[in-house]
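Enquirer: sequence and predicted model, in that order:
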Amino acid sequence: MAAILYLSYDGLTDPLGPSQVLAYLVELAKAGHRISLITFEKPERSAAERAALAEQCRAAGIDWHPQTYTKKPPILSTLKDLRVMTKVAERLAAQHRFDIVHCRSYLPALVGARLKRKAGTRFLFDMRGFWADERVEGGLWDVSKPIYRTIYGWFKKQEKRLLAAADHVVVLTVAGRDILRGKWNVQSAVPVTVIPCCADFAAFPAVTPDARDAARRTFDIPAHAPVAAYLGSIGTWYMLGEMLDFFAVQRARDPASVLLFVTRDAPEPIIAAAAERGIPVWALRIQGGTRAEVPRLLAAADYGLFFIRPTFSKQASSPVKLGELLAMELPVVTNAGVGDVDRILEETGAGVSIATLDEPGYERALTNLDALRPDMVRWREGRARWFDLGEGVRRYDAIYSELSR
C-alpha cells in the first residue's frame, strides 16, 4: 500500500470537502493507504463543523493538517498560502517517506512538482478542470488588465510544465481527456484517467412515494404540483436567469408549478430575479440544509434543473449535482455543451439536454420531459459506471498502486 501526501487548497469545511475529498480518502484509507492531508480552511467555518471532520479523519486514520485560508489582499494572500503549503508539505515529507504527492488542482500541483524534484516523490496531478481558463471565463481574472493577463500567461506555461512533469494525470471528463490528448498534445506516455465527481449512493437514496409526500408537506407543496429542484450555490457558472426563464415556461403550462432551491445562498437575489420575470414568491421554495438533510429536501422534486455556462473550460467540468440527482432517480433537465453531461444523459436515458436556451428550446425540453419513460435498469447501470463512489475509489486505488511500485 502507498504512503500519500494529499494537497488541497480547498477546505474540508468547504461545501464539497466532505463529498469530493474526504469521502474518497476515507475509503482509500480503508484500502490500506497511509494518507496525510493538507487543506486550507476558511476562518468563517464553524468550530463544530471542523471538529466533526477532524473526528472523521481521526477515525479513518487520516493525518489531517488544516491551515488557515487567507483571502486578502488578492494575489499576495494566495502567494502567502502557497508558501505555507510548501513549508508544511516539505516538513511532512522530511518526517515520512511518501510514495506519492496527490495534488488537487493547479496551485497544489506547483508544490507537488517541487516535491518531485527535491525528494523524488511520484507526482499525481489531479487537475480537475482547466483552472486558469476557468478563472478567466468566470470573470475572476480580467485579462484586459495587465496583471491578470500576465498571471494567466504564467499559469498556462506552468500548466504545460505540470502536465509534462506528472507521473499520472486525473481529469473529470472524457471531453477534457480528449482535449489533453488532441488540442493540447499531452504526451501519450503520461497516463490520463477520467474520474468524474462521484456520489455516495447510500447518502442519496432513490426517492420513494412516502419520502416525496413527507418532503412536500414540509414545504407546503400540493401533491399534484409539478416541482423542479435546483441543488447547490448560485454563483459564477450557474445561469439563474435562464433557469427562471425555463420555469416561467413551465408555469405557463401549469400555474401550480413550484421551483425548489436547496441552497445555503441568500434568498433575496433569487426572489428578485424571479420577480423580474413575473414569478411570484409563492411559486418558490428556498431552503438550505446540511449534507445529511439535502436528500430529504430534494425528495419533494419531480426532476432536477440546472444550467451551466457552456464555455471552453466547462468541457472539463463534472457537475457534482448531476451524480447526486441521478442517484436519487430524479430526471434531469440541463443545457448542452458541459463536460460529459450530454453523453451521460444519452447513455442513461435519465433526462433532457437543451440545445438552445430560449423559449422554443424550453418548450421542446418540457415536452420531452413529459414523454420520458426511463428504463431504470439502463439508468442504474449507467449511473454506476459514471458516478458510483466505489468505482471512483477503485480508480484512485489503481493509480496509487501503479505509482507506488
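Expert: Thanks, I have the structure now.
Enquirer: what's near enough to touch residue 203?
Expert: 291, 292, 295 (C-beta atoms under 8 Å, 6 or more residues apart in numbering). Where C-beta positions appear, they are placed from N, C-alpha and C, glycine not excepted.
Enquirer: let me fix that: residue 216
Expert: With contacts defined as C-beta under 8 Å, 6+ apart, residue 216 is in contact with 222, 223, 225, 227, 300.
Enquirer: nearest spatial neighbour of the second one, skipping sequence neighbours?
Expert: With sequence-adjacent residues excluded and distances taken as C-beta to C-beta, 6 or more residues apart in numbering, residue 223 is closest to residue 216, at 6.3 Å.
Enquirer: who are the packing partners of the host helix or strand of residue 285?
Expert: Assignment of secondary structure by DSSP states H and E places residue 285 within strand 284-287. Under the contact definition 3 or more C-beta pairs under 8 Å, 6 or more residues apart in numbering; DSSP states H and E, strand 284-287 sits against strand 258-262, helix 267-276.
Enquirer: can you give me the angle the last one makes with strand 258-262?
Expert: Taking axes from the mean of the first three to the mean of the last three C-alpha atoms, to 10 degrees, helix 267-276 and strand 258-262 form an angle of 160 degrees between their directions.
Enquirer: and helix 267-276, average pLDDT?
Expert: Along helix 267-276, the predicted local confidence has a mean pLDDT of 97.
Enquirer: same question for stretch 151-171.
Expert: If you average the pLDDT values across stretch 151-171, you get 96.
Enquirer: quick one: contacts of it?
Expert: Contacts of stretch 151-171 with the rest of the structure, by C-beta under 8 Å, 6+ apart, involve 75, 106, 109-110, 113, 116, 122-128, 131-132, 135-136, 141, 143, 177, 180, 184, 186-187, 190-195, 316, 396, 399, 402-403.
Enquirer: one more time with 7 Å, if that's ok
Expert: When contacts are taken as C-beta atoms under 7 Å, 6 or more residues apart in numbering, the neighbours of stretch 151-171 outside the stretch itself are 106, 109-110, 113, 116, 122-127, 132, 136, 141, 143, 177, 180, 186, 190-195, 316, 399, 403.
Enquirer: narrow these to those that are buried.
Expert: Burial by neighbour count, 16 or more other C-beta atoms under 10 Å: within the contacts of stretch 151-171 this picks out 106, 109-110, 113, 116, 122-127, 132, 136, 141, 177, 180, 186, 190, 192-195, 316, 399, 403.
Enquirer: out of those, which sit inside strands?
Expert: Judged by DSSP state E, the subset of those located in strands is 122, 123, 124, 125, 126, 127, 192, 193, 194.
Enquirer: farthest pair within these?
Expert: Considering C-beta to C-beta, no two members of these lie farther apart than 122 and 194, which are separated by 19.7 Å.
Enquirer: just to revisit the earlier point, tell me the most buried of the helices and strands packed on strand 284-287?
Expert: Burial of these is given as mean neighbour count (mean count of other C-beta atoms under 10 Å); strand 258-262 ranks first at a mean of 25.
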